[in-house]
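Trainee: Quick one, fold the following:
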Amino acid sequence: MNYEAVKKFMLTKLERELDPRLTYHSINHTLDVLESAIRLAEMEKLSSKEILLLKTACIFHDSGMLVTYRGHEEASTEICRQTLPVYNYNEEDTEIICRMILTTKLPQCASQHLDKILCDADLDYLGRSDFFMIAHRLKYEWDILNIYPTTLQEWYLIQKDFLSSHRYFTISALSLRQSIKMENLKQIEFMCNHEK
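Mentor: Presented below is the predicted three-dimensional model:
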(Lines give C-alpha, C1' and ligand atoms only; values in the text may rest on other atoms or scores of the structure.)
Protein backbone atom coordinates (compact mmCIF):
# COMPACT_ATOMS: atom_id res chain seq x y z
CA MET A 1 0.00 0.00 0.00
CA ASN A 2 1.52 3.27 -1.10
CA TYR A 3 -0.35 5.52 1.33
CA GLU A 4 1.85 8.60 0.98
CA ALA A 5 1.45 8.65 -2.80
CA VAL A 6 -2.33 8.14 -2.74
CA LYS A 7 -2.66 10.77 -0.01
CA LYS A 8 -0.79 13.30 -2.14
CA PHE A 9 -2.90 12.39 -5.18
CA MET A 10 -6.27 12.65 -3.43
CA LEU A 11 -5.55 15.78 -1.38
CA THR A 12 -4.30 17.55 -4.52
CA LYS A 13 -7.44 16.46 -6.39
CA LEU A 14 -9.73 17.65 -3.57
CA GLU A 15 -7.90 20.97 -3.31
CA ARG A 16 -8.17 21.63 -7.04
CA GLU A 17 -11.57 20.19 -7.89
CA LEU A 18 -13.93 20.50 -4.92
CA ASP A 19 -16.68 23.08 -5.36
CA PRO A 20 -15.49 26.18 -3.43
CA ARG A 21 -19.04 26.55 -2.10
CA LEU A 22 -18.44 23.45 0.03
CA THR A 23 -17.61 25.41 3.15
CA TYR A 24 -18.02 22.37 5.43
CA HIS A 25 -17.15 19.43 3.16
CA SER A 26 -13.86 21.06 2.19
CA ILE A 27 -10.30 19.79 2.23
CA ASN A 28 -10.06 21.29 5.73
CA HIS A 29 -12.73 18.84 6.90
CA THR A 30 -10.82 15.93 5.34
CA LEU A 31 -7.62 17.00 7.12
CA ASP A 32 -9.49 17.51 10.39
CA VAL A 33 -10.98 14.01 10.20
CA LEU A 34 -7.54 12.58 9.40
CA GLU A 35 -5.99 14.30 12.43
CA SER A 36 -8.83 13.17 14.69
CA ALA A 37 -8.62 9.58 13.40
CA ILE A 38 -4.86 9.39 14.02
CA ARG A 39 -5.40 10.59 17.59
CA LEU A 40 -8.13 8.01 18.20
CA ALA A 41 -6.14 5.24 16.49
CA GLU A 42 -3.25 5.81 18.89
CA MET A 43 -5.58 5.82 21.90
CA GLU A 44 -7.32 2.67 20.63
CA LYS A 45 -3.94 1.00 20.03
CA LEU A 46 -4.47 0.04 16.40
CA SER A 47 -1.83 -1.91 14.49
CA SER A 48 0.24 -0.08 11.86
CA LYS A 49 -1.73 -1.79 9.05
CA GLU A 50 -5.07 -0.79 10.61
CA ILE A 51 -3.83 2.80 10.91
CA LEU A 52 -2.91 2.83 7.20
CA LEU A 53 -6.37 1.57 6.24
CA LEU A 54 -8.03 4.11 8.53
CA LYS A 55 -5.95 7.02 7.22
CA THR A 56 -6.75 6.02 3.65
CA ALA A 57 -10.47 5.92 4.47
CA CYS A 58 -10.17 9.42 5.95
CA ILE A 59 -8.59 10.80 2.77
CA PHE A 60 -11.33 9.28 0.60
CA HIS A 61 -14.39 9.49 2.88
CA ASP A 62 -15.86 12.62 1.25
CA SER A 63 -14.18 12.32 -2.15
CA GLY A 64 -17.61 11.54 -3.59
CA MET A 65 -18.38 15.24 -3.15
CA LEU A 66 -16.40 15.65 -6.36
CA VAL A 67 -19.30 13.87 -8.09
CA THR A 68 -22.48 14.35 -6.04
CA TYR A 69 -23.73 15.82 -2.77
CA ARG A 70 -26.47 13.38 -1.89
CA GLY A 71 -25.13 9.85 -1.87
CA HIS A 72 -21.54 11.04 -1.80
CA GLU A 73 -20.52 8.12 0.44
CA GLU A 74 -21.37 5.61 -2.29
CA ALA A 75 -19.61 7.81 -4.85
CA SER A 76 -16.55 7.87 -2.56
CA THR A 77 -16.40 4.06 -2.58
CA GLU A 78 -16.47 4.04 -6.38
CA ILE A 79 -13.54 6.47 -6.44
CA CYS A 80 -11.71 4.17 -3.98
CA ARG A 81 -12.27 1.11 -6.16
CA GLN A 82 -10.97 2.96 -9.22
CA THR A 83 -7.98 4.58 -7.51
CA LEU A 84 -6.60 2.33 -4.78
CA PRO A 85 -5.46 -0.61 -6.96
CA VAL A 86 -3.17 1.83 -8.80
CA TYR A 87 -1.45 2.44 -5.43
CA ASN A 88 -1.04 -1.26 -4.57
CA TYR A 89 -4.10 -1.68 -2.35
CA ASN A 90 -5.48 -5.18 -2.74
CA GLU A 91 -9.17 -5.95 -3.11
CA GLU A 92 -9.64 -6.99 0.53
CA ASP A 93 -8.08 -3.80 1.90
CA THR A 94 -10.04 -1.68 -0.57
CA GLU A 95 -13.31 -3.26 0.54
CA ILE A 96 -12.48 -2.64 4.23
CA ILE A 97 -11.87 1.03 3.37
CA CYS A 98 -15.14 1.20 1.41
CA ARG A 99 -17.05 -0.37 4.30
CA MET A 100 -15.61 2.23 6.68
CA ILE A 101 -16.67 5.06 4.38
CA LEU A 102 -20.24 3.75 4.03
CA THR A 103 -20.68 3.68 7.82
CA THR A 104 -20.18 7.46 7.97
CA LYS A 105 -23.51 7.93 6.17
CA LEU A 106 -26.04 9.42 8.58
CA PRO A 107 -27.35 7.97 10.76
CA GLN A 108 -24.01 6.30 11.41
CA CYS A 109 -24.20 2.53 11.92
CA ALA A 110 -20.72 1.25 12.75
CA SER A 111 -20.15 -2.23 14.15
CA GLN A 112 -16.48 -2.93 13.31
CA HIS A 113 -13.71 -1.26 15.30
CA LEU A 114 -12.19 0.66 12.36
CA ASP A 115 -15.66 1.81 11.26
CA LYS A 116 -16.34 3.16 14.75
CA ILE A 117 -13.12 5.13 14.79
CA LEU A 118 -13.79 6.72 11.39
CA CYS A 119 -17.33 7.65 12.42
CA ASP A 120 -16.07 9.21 15.65
CA ALA A 121 -13.35 11.12 13.78
CA ASP A 122 -15.87 12.36 11.20
CA LEU A 123 -18.01 13.94 13.94
CA ASP A 124 -15.19 14.74 16.36
CA TYR A 125 -16.04 18.46 16.18
CA LEU A 126 -19.40 17.90 17.94
CA GLY A 127 -17.45 17.65 21.19
CA ARG A 128 -15.03 20.51 20.66
CA SER A 129 -14.96 24.20 21.44
CA ASP A 130 -14.98 25.05 17.71
CA PHE A 131 -18.30 23.23 17.23
CA PHE A 132 -20.39 26.34 16.55
CA MET A 133 -17.96 27.74 13.99
CA ILE A 134 -17.85 24.43 12.09
CA ALA A 135 -21.61 23.86 12.37
CA HIS A 136 -22.28 27.26 10.84
CA ARG A 137 -20.04 26.35 7.91
CA LEU A 138 -22.41 23.46 7.28
CA LYS A 139 -25.45 25.73 7.55
CA TYR A 140 -23.90 28.14 5.07
CA GLU A 141 -23.08 25.26 2.71
CA TRP A 142 -26.69 24.01 2.87
CA ASP A 143 -28.00 27.52 2.27
CA ILE A 144 -25.72 28.46 -0.62
CA LEU A 145 -26.22 25.12 -2.41
CA ASN A 146 -29.95 25.12 -1.61
CA ILE A 147 -29.57 21.69 -0.01
CA TYR A 148 -31.70 22.47 3.02
CA PRO A 149 -31.93 26.22 3.63
CA THR A 150 -33.00 27.08 7.17
CA THR A 151 -33.61 30.00 9.46
CA LEU A 152 -31.29 30.25 12.44
CA GLN A 153 -34.07 29.01 14.73
CA GLU A 154 -34.68 25.97 12.50
CA TRP A 155 -30.94 25.33 12.37
CA TYR A 156 -30.62 25.28 16.15
CA LEU A 157 -33.52 22.83 16.37
CA ILE A 158 -31.84 20.55 13.82
CA GLN A 159 -28.58 20.74 15.76
CA LYS A 160 -30.38 20.07 19.05
CA ASP A 161 -31.96 16.90 17.61
CA PHE A 162 -28.67 15.82 16.02
CA LEU A 163 -26.54 16.24 19.14
CA SER A 164 -29.23 14.64 21.31
CA SER A 165 -29.35 11.51 19.18
CA HIS A 166 -25.61 11.28 18.38
CA ARG A 167 -23.48 8.72 20.21
CA TYR A 168 -19.72 8.29 20.07
CA PHE A 169 -18.76 4.66 19.46
CA THR A 170 -15.30 4.39 21.04
CA ILE A 171 -14.26 4.79 24.65
CA SER A 172 -11.51 7.14 23.46
CA ALA A 173 -13.91 9.52 21.72
CA LEU A 174 -16.27 9.41 24.69
CA SER A 175 -13.46 10.32 27.07
CA LEU A 176 -12.17 13.09 24.80
CA ARG A 177 -15.38 14.66 23.51
CA GLN A 178 -18.54 13.68 25.37
CA SER A 179 -18.45 16.30 28.13
CA ILE A 180 -17.89 19.24 25.73
CA LYS A 181 -20.53 17.83 23.38
CA MET A 182 -23.03 17.96 26.24
CA GLU A 183 -22.00 21.57 26.97
CA ASN A 184 -22.53 22.42 23.31
CA LEU A 185 -25.96 20.80 23.48
CA LYS A 186 -26.88 22.88 26.54
CA GLN A 187 -25.93 26.06 24.68
CA ILE A 188 -28.04 25.01 21.70
CA GLU A 189 -31.01 24.22 23.95
CA PHE A 190 -30.65 27.66 25.50
CA MET A 191 -30.67 29.28 22.05
CA CYS A 192 -33.67 27.23 20.96
CA ASN A 193 -35.57 28.56 23.95
CA HIS A 194 -34.51 32.17 23.47
CA GLU A 195 -34.55 32.64 19.67
CA LYS A 196 -38.33 32.69 19.42
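Trainee: what residue is smack in the middle of the protein?
Mentor: Taking C-alpha atoms, centre = their mean as the criterion, residue 122 is the residue nearest the geometric centre of the chain, at 2.7 Å.
Trainee: So that one versus residue 16, what's the distance?
Mentor: To residue 16, residue 122 is 23 Å away according to C-beta to C-beta, to the nearest Å. C-betas here are computed from N, CA, C, even on glycine.
Trainee: again, but for residue 100
Mentor: Residue 100 is 25 Å from residue 16, where distance means C-beta to C-beta.
Trainee: What of residue 35?
Mentor: Separation of residue 35 from residue 16 (C-beta to C-beta): 21 Å.
Trainee: between those two, who's got more neighbours?
Mentor: More neighbours surround residue 35 than the other of residue 35 and residue 16, with 13 against 9 (other C-beta atoms under 10 Å).
Trainee: What helices and strands are in contact with whatever helix or strand residue 4 lives in?
Mentor: Element membership of residue 4, judged by DSSP states H and E, is helix 3-17. Counting contacts by 3 or more C-beta pairs under 8 Å, 6 or more residues apart in numbering; DSSP states H and E, helix 3-17 packs against helix 27-43, helix 48-60, helix 72-83.
Trainee: who touches the longest one?
Mentor: Contacting residues not belonging to helix 27-43 are listed as 11, 14-15, 18, 50-51, 54-55, 57-59, 61-62, 117-118, 120-122, 124-125, 170, 172-173, 176 [C-beta atoms under 8 Å, 6 or more residues apart in numbering].
Trainee: Show me which positions of that helix end up buried.
Mentor: Across helix 27-43, burial judged by 16 or more other C-beta atoms under 10 Å covers 27, 29, 30, 32, 33, 34, 36, 37, 38, 39, 40, 41.
Trainee: cool, and the last one?
Mentor: Along helix 72-83, these residues count as buried under the neighbour rule (16+ other C-beta under 10 Å): 72, 73, 75, 76, 77, 79, 80, 83.
Trainee: follow-up on the earlier one: can you redo the helices and strands packed on helix 3-17 as JSON lines with distance to residue 134?
Mentor: Compiled in JSON lines, the helices and strands packed on helix 3-17 are given as follows (distance: least, C-beta to C-beta, whole Å):
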{"stretch": "helix 27-43", "distance to residue 134": "8"}
{"stretch": "helix 48-60", "distance to residue 134": "16"}
{"stretch": "helix 72-83", "distance to residue 134": "18"}
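Trainee: low pLDDT regions in the chain?
Mentor: Flagging of the chain using pLDDT under 70 yields the residue ranges 195-196.
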